[in-house]
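1. Provided below are the primary sequence and the corresponding predicted coordinates.
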Amino acid sequence: MTEQTADNVLVTLRKQQWRVEPGKTARQIMEELDLNPENFLTMINGQLTDDSTRLKAGDHLKLIAVISGGEHAA
């Protein structure tokens with residue numbers, strides 16, 4: 001991606017981190033990282049938000065994997 005500066009957006013998924021250019025939505029960033037946006041919740045600067053929010057320089061985007069499973073009662 002890009003060089004590490006405060007002018008970038010920090011993206012975190014578990015123990016992985018990337019620096020990306022600002023101005024994109026969380027969804028666009030996930031697609032560029034070959035991640036399925038339907039599988040993640042997005043937090044920007046500690047606030048849960050939707051993936052259509054456009055990121056600004058200095059933002060921190062944290063991706064949280066959605067886990068599902070178990071049985072449903074009939």
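-> It's in.
2. what are the bridge partners for the spatially most central residue of the chain, then?
-> Centroid check for the chain by Cα atoms, centre = their mean gives L63 as the closest residue, at 4.0 Å. For L63, the beta-bridge partners are L13, T42 (DSSP bridges).
3. Just the buried positions in stretch 19-28, please.
-> For stretch 19-28, the neighbour count (16 or more other Cβ atoms under 10 Å) marks V20, K24, T25, A26, R27, Q28 as buried. Bear in mind the C-beta positions are built from the backbone N, C-alpha and C, glycine included.
4. From start to finish, how long is it in a straight line?
-> Terminal residues of stretch 19-28 lie 14 Å apart, using Cα to Cα, to the nearest Å.
5. tell me the mean pLDDT over it?
-> Per-residue pLDDT over stretch 19-28 has a mean of 96.
6. which residues make contact with that stretch from outside it?
-> Stretch 19-28 is contacted by residues 1-5, 7-11, 29, 32, 37, 42, 44, 49-57, 59, 61, 63 when judged by Cβ atoms under 8 Å, 6 or more residues apart in numbering.
7. What subset of those residues is buried?
-> 8-11, 29, 37, 42, 44, 51, 55, 59, 61, 63.
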